[in-house]
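> just the structure for this:
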Amino acid sequence: MNAIIVAAGIGKRLKGFSDDRPKCMLEISGVSLFKRLTDLLLQSGISMINVVVGYRKEWFRDKSFRYFVNTDFENNDILHSLFYAEQAMDSGFLFSYSDIIYDRVIVRQMLNLEFDIAIAVDPNWEKHYEGRTGHPVDEAELVFSEDGKIVTSIKKNGDYSKACGEFIGVAYFSRQGARDLKLVFDDLKDFYSRNPEESFHTAKTFKKAYMTDMFQEMTNRGYPVHIITTKGSWAEIDTPQDFENMQKNFDEKTEMFGES
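Numbers count the residues shown, from 1 in each chain. Model (predicted):
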């Protein structure tokens with residue numbers, strides 16, 4: 001199974017911490033987020049790690065990984081960034097944000113699926129926003145469902161009380177799921193090449209789309225996006241406050257975000 005990590009963005013909210021490096025190269029207990037993530041994936045059965053790079057790409061030096069360069073990272077966002085690694089999708093893949101850290105049990109959950117498309121969702125998401133003033137709750141990528149199993153809606157600024165959880169930034173695509181993803185993307189690319197200024201779900205333009213916008217599109221077109229409730233802990237670094245909290249709370253001895 002391949003993994004594709006998207007690590008091309010600038011990380012503007014971490015100004016002062018990530019001025020000279022991608023934010024996934026920030027260190028927790030002396031080890032970068034990126035190394036923690038890639039070590040976890042390899043230990044969990046991932047055979048090839050593909051990384052989409054852009055901002056400060058010179059920081060990515062490990063030659064055991066395959067790199068794809070997003071040459072337009074200043075103007076596009078996560079969805080388009082992912083498709084720079086399109087050739088790594090064919091056999092199916094695990095998708096991951098690069099600015100998160102999580103238990104390997106979450107990876108195992110995703111790799112043991114029989115679904116074509118699935119996303120990792122935290123039902124206890126509200127705890128992540130307690131005292132988190134730098135990253136307000138209206139930034140949460142909330143997931144809504146009628147049955148708790150299949151996504152009906154995924155977006156920011158929803159009715160928090162009706163959300164079944166938050167998308168944590170990890171998703172799974174089987175071989176067929178990857179085909180479906182590429183088919184829909186190509187169709188959208190054709191439409192938006194002729195209508196570049198039109199919005200795309202929550203994104204102002206298709207070029208600025210998030211993964212959540214694409215999951216919504218897949219849902220709207222009848223492709224089931226399955227909800228996998230996370231059984232392990234996780235955290236993200238999006239702001240200086242997040243970074244400081246993670247440095248303070250990470251317990252190397254118990255591997256707070258390691259084995260569960």
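> average pLDDT across the longest strand along the chain?
As assigned by DSSP state E, the longest strand anywhere in the chain is strand 165-173. Mean pLDDT, strand 165-173: 97.
> each with direction, which strands does that strand pair with?
Strand 165-173 pairs in its sheet with strand 93-97 (antiparallel), strand 117-122 (antiparallel), strand 142-144 (antiparallel), by DSSP bridges.
> show me what the lowest-mean-pLDDT helix or strand in the chain is packed against.
Of all helical and strand segments in the chain, the minimum by mean pLDDT, DSSP states H and E falls on helix 240-249, at a mean of 85. Helix 240-249 is packed against strand 234-236, with contacts defined by 3 or more Cβ pairs under 8 Å, 6 or more residues apart in numbering; DSSP states H and E. C-beta: built from backbone N, CA, C; applies to glycine.
> give me the sheet partners of the strand it packs on and which way each runs.
Paired neighbours of strand 234-236 in the sheet (DSSP bridges): strand 100-102 (antiparallel).
> next secondary structure after the partner strand?
Moving toward the C-terminus from strand 100-102, the next helix or strand (DSSP states H and E) is helix 104-111.
> just the buried residues of that next one, please?
Arg104, Val105, Ile106, Val107, Gln109, Met110, Leu111 (16 or more other Cβ atoms under 10 Å).
> can I get it in CSV? Just the C-alpha atoms.
Provided in CSV are the C-alpha atoms of helix 104-111 (Å, rounded to 0.1, in the frame of the first residue of the first chain):
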residue,chain,number,x,y,z
ARG,A,104,-0.6,3.8,14.4
VAL,A,105,-3.8,2.1,15.4
ILE,A,106,-5.5,4.7,13.2
VAL,A,107,-3.4,3.6,10.2
ARG,A,108,-4.3,-0.1,10.9
GLN,A,109,-7.9,0.8,11.0
MET,A,110,-7.7,2.4,7.6
LEU,A,111,-5.6,-0.4,6.0
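> gap between it and the chain center?
A distance of 14 Å separates the centroid of the chain from that of helix 104-111, by Cα atoms, centre = their mean, to the nearest Å.
> show residues contacting it.
Residues outside helix 104-111 that contact it (Cβ atoms under 8 Å, 6 or more residues apart in numbering) are 1, 40-41, 43-46, 94, 118, 120, 168, 170-172, 228, 230-232, 234, 258-260.
> between strand 93-97 and it, find me the angle.
Here helix 104-111 runs at an angle of 140 degrees relative to strand 93-97 (axes from the mean of the first three to the mean of the last three Cα atoms, to 10 degrees).
> report the longest helix in this structure, please.
Scanning the chain for the helix with the most residues, using DSSP state H, yields helix 175-194.
> which of the strands paired with strand 165-173 sits closest to Leu26?
Set against Leu26 and scored by Cβ to Cβ, these come closest in strand 93-97, at 13.8 Å.
> mean confidence for the closest one?
Across strand 93-97, the average pLDDT comes to 98.
> dump it to CSV, restricted to CA.
Extracted as CSV, the C-alpha positions of strand 93-97 are listed here (Å, rounded to 0.1, in the frame of the first residue of the first chain):
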residue,chain,number,x,y,z
PHE,A,93,-3.3,4.7,-1.2
LEU,A,94,-3.5,6.2,2.2
PHE,A,95,-3.8,10.0,2.2
SER,A,96,-2.4,12.1,5.1
TYR,A,97,-1.9,15.7,6.0
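> can you show me the helices along the stretch 1-150 of the chain?
Counting by DSSP state H, counting those that start in this stretch, the stretch 1-150 of the chain has helices at residues 33-43, 78-82, 104-111.
> to Tyr55, which of those helices lies closest?
Taking those one by one with Cβ to Cβ, helix 78-82 is closest: 10.6 Å.
> now for that closest one, which elements pack on it?
Against helix 78-82 (3+ Cβ pairs under 8 Å, 6+ apart) you get strand 2-7, helix 211-220.
> hmm, who's touching that helix?
4, 6, 8-9, 52, 54, 70, 72-73, 95, 97, 185, 207, 209-211, 213-214.
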